[in-house]
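J.: with the sequence up front, the predicted model follows.
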2 protein chains.
Amino acid sequence: MTYCCAMRLKDGLVFISDTRTNAGVDHISVFRKLYTFAVEGERFITIQTSGNLATTQAVIGHLKNQLDLRQEPNLYSVNNMFELAELVGHTLKRVIADVTADQQEQSNYYCSLLVGGQIRGEEMQLYNIYPQGNFISATDDTPFFQIGESKYGKPILDRALRYDTSLSDALRYGLVSFDSTLRSNVSVGMPLDAIIYKKDSFAFPKGKRIYEQDPYFNHISREWSDILRQGLNTLPDPTEDYWQ
Amino acid sequence: MTYCCAMRLKDGLVFISDTRTNAGVDHISVFRKLYTFAVEGERFITIQTSGNLATTQAVIGHLKNQLDLRQEPNLYSVNNMFELAELVGHTLKRVIADVTADQQEQSNYYCSLLVGGQIRGEEMQLYNIYPQGNFISATDDTPFFQIGESKYGKPILDRALRYDTSLSDALRYGLVSFDSTLRSNVSVGMPLDAIIYKKDSFAFPKGKRIYEQDPYFNHISREWSDILRQGLNTLPDPTEDYWQ
């Protein structure tokens, strides 16, 4: 499995992905699930992938090939983020259709994608693209999307993350969300990839690969455990009627 | 959906269930999913249910009918908790087989059960019973089971709950786990049912129904939110390399 999270906030975009893939528990590998495409000063695009690895790699492969061969449309030629989401969605739909004869079989090859970024002259956008090729976009009310093993890490984001949360806070909340997921589900694994994009910067952030020994991640992981443990202990004892 | 959690601890057993059932989002109802059976001074048994409501009600119906008609074996005649789990498992398997012609169709009628309790002369036991009628039992290493929408509330239990956790602490951790789930998934809903059984007491706790306005639950829900929010804010800022 996989856990990817993306946030579209007032000040920018935050993307975090794990790197664990498994075909059965005896076949676990590290594969990047966070891809970036950028034209310095003009557009910055990330794609996060969850689901069938052959499908996700084929989608990324086709998108890169379109760029290499200058086929139209491609990620660098589309006019805006909406067209970009459509391009990625169509590519995904075609890849799945290529390997399957009928609709029922398709679900074995499903994958979901988060596509975020900014093209000069436009607002930042974040899309959740479904295996059918259609998509929804993040809004001020719903500033984050998750794909893959999303449930373990959802409560902390539901409670804390708002559209106007700072990028620094959002990254911390995101890492705490990943820490909870990593502890509860062995199919999500280190290292993680994280990228922060500042609104209107049109810069090309390299992002950071967070390994198991990463001092900052370990620090907040330990400290968060302490906060939870101490916090649980400060909650009042159940009232008498709970014991009846 | 449903969320049920059961804990088998050094000092006793703790059971918490929600009561929301839904057949589509436009057909939401309140149904009890935590059933108790007891012979004062001799045996105390709880059954928690998750999955197809007709299946779970049929299972409980058959188990009650066996008692009413004094059919053998029944919940009050089995020699020990292992036989009891087998009885419940067989009943579940038969109920599912009764409404389905082939194996593939069966998954529409699946339900999962948590069965816990104590029979005099024995240790307390807690079983997770699968739709196939087989089951696993909780151990000192793995002192809790969840069924239904279990992922949202699992991280807090993974971090905090141990076999030697006190019953009072375990109940608090459990309620926090439910609070997280209730906030993130609308298919799990109040009121909750909670029962605490003290080891070797062979008493018949009535348990408590926790409504939305329950002062204690609301108090810890609010306080837990504050603890998380304040805790998140005390975590250190991301180091410089996260911004590259």
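T.: Alright, I've got the coordinates. Residues are numbered from 1 along each chain as shown, chains lettered A, B, ... in the order given.
J.: which ones are touching the residue sitting furthest away from the middle of chain A?
T.: Most distant from the centre of chain A: A:Gln244, at 45.9 Å, with distances by C-alpha atoms, centre = their mean. A:Gln244 sits next to B:205-208 when contact means C-beta atoms under 8 Å, 6 or more residues apart in numbering or on different chains. Quick note: C-beta positions are derived from backbone N, CA and C, even for glycine.
J.: keep these, but drop any that are not near chain A.
T.: Applying C-beta under 8 Å from any C-beta of the partner chain to the contacts of A:Gln244, one finds that B:205-208 fall near chain A.
J.: where does pLDDT dip in chain A?
T.: The model of chain A has pLDDT under 70 over residues A:25.
J.: and stretch A:205-213, how far out from the chain middle?
T.: Distance, stretch centre to chain centre, for stretch A:205-213: 15 Å (C-alpha atoms, centre = their mean, to the nearest Å).
J.: what lies in contact with it?
T.: With C-beta under 8 Å, 6+ apart, stretch A:205-213 has contacts from A:15, A:34, A:36, A:44, A:175, A:190-197, A:217, B:241-244.
J.: what do you get for stretch A:138-149?
T.: Residues outside stretch A:138-149 that contact it (C-beta under 8 Å, 6+ apart): A:1-9, A:18, A:48, A:50-51, A:112-114, A:125-128, A:153-154, A:157, A:161-163, A:165, A:181, A:185, A:187-188, B:151.
J.: what comes up buried for it?
T.: A:138, A:143-149 (16 or more other C-beta atoms under 10 Å in any protein chain shown).
J.: quick one: end-to-end distance for it.
T.: 19 Å (C-alpha to C-alpha, to the nearest Å).
J.: now the contacts of A:Gln244 as JSON lines including secondary structure?
T.: Formatted as JSON lines, the contacts of A:Gln244 follow (DSSP: H, G, I helix; E, B strand; the rest coil):
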{"residue": "B:Pro205", "secondary structure": "coil"}
{"residue": "B:Lys206", "secondary structure": "coil"}
{"residue": "B:Gly207", "secondary structure": "coil"}
{"residue": "B:Lys208", "secondary structure": "strand"}
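J.: now, of those, which are buried?
T.: Buried by 16+ other C-beta under 10 Å: B:205, B:207-208, out of the contacts of A:Gln244.
J.: neighbours of the closest residue in space to A:Ala194 that isn't next to it in sequence, how many?
T.: Spatial nearest neighbour of A:Ala194, excluding adjacent residues (C-beta to C-beta, 6 or more residues apart in numbering or on different chains): A:Ile16 at 4.8 Å. Residues near A:Ile16, counting by other C-beta atoms under 10 Å in any protein chain shown, number 27.
J.: in a strand, A:Ile16, correct?
T.: Yes: A:Ile16 forms part of a strand when assessed by three-state DSSP.
J.: that one: what's it in contact with?
T.: A:4-6, A:34, A:171, A:174-175, A:178, A:192-194.
J.: got it, and A:Gly116?
T.: If you count contacts by C-beta under 8 Å, 6+ apart, then A:Gly116 has A:6, A:8, A:13, A:15, A:45-46, A:124-127, A:197 around it.
J.: repeat the analysis, applying 6 Å as the threshold.
T.: A:6, A:13, A:46, A:126 (C-beta atoms under 6 Å, 6 or more residues apart in numbering or on different chains).
J.: before we move on, what SS does A:Ser112 have?
T.: Assignment for A:Ser112 (three-state DSSP): strand.
J.: for it, what are its contacts?
T.: Contacts for A:Ser112 (C-beta under 6 Å, 6+ apart) come out as A:50-51, A:147.
J.: which of these sits closest to A:Thr91?
T.: Distance to A:Thr91 across the contacts of A:Ser112 (C-beta to C-beta) is lowest for A:Gly51, with 14.1 Å.
J.: who touches that closest one in this structure?
T.: Contacts for A:Gly51 (C-beta under 6 Å, 6+ apart) come out as A:110-112.
J.: now, which of these sits nearest A:Asn74?
T.: Of all the contacts of A:Gly51, A:Asn74 sits closest to A:Cys111, with 20.2 Å by C-beta to C-beta.
J.: how near is the closest one to A:Met190?
T.: Going from A:Cys111 to A:Met190 by C-beta to C-beta, to the nearest Å gives 22 Å.
J.: show me which of those two is the more surrounded one.
T.: More crowded of A:Cys111 and A:Met190, by other C-beta under 10 Å: A:Cys111, with 25 against 17.
J.: the more buried one against A:Gln57, yeah?
T.: No: counting by C-beta atoms under 6 Å, A:Cys111 sits too far from A:Gln57 to count as a contact (9.6 Å).
J.: narrow the contacts of A:Ser112 to those in strands?
T.: Members of these lying in strands (criterion: DSSP state E): A:50-51, A:147.
J.: of all those residues, which comes closest to A:Val99?
T.: Nearest to A:Val99 among these, with distances taken as C-beta to C-beta, is A:Gly51, at 13.0 Å.
J.: which elements pack onto the helix or strand harbouring A:Glu223?
T.: A:Glu223 belongs to helix A:215-234 when assigned by DSSP states H and E. If you count contacts as 3 or more C-beta pairs under 6 Å, 6 or more residues apart in numbering or on different chains; DSSP states H and E, helix A:215-234 packs onto helix A:167-184.
J.: circling back: list buried residues within the contacts of stretch A:138-149.
T.: Among these, the ones that count as buried by 16+ other C-beta under 10 Å are A:1-9, A:18, A:48, A:50-51, A:112-114, A:125-128, A:153-154, A:157, A:161, A:163, A:165, A:181, A:185, A:187-188, B:151.
J.: in this structure A:Ser177 contacts A:Lys154, no?
T.: No: under the criterion of C-beta under 6 Å, A:Ser177 makes no contact with A:Lys154, lying 7.5 Å away.
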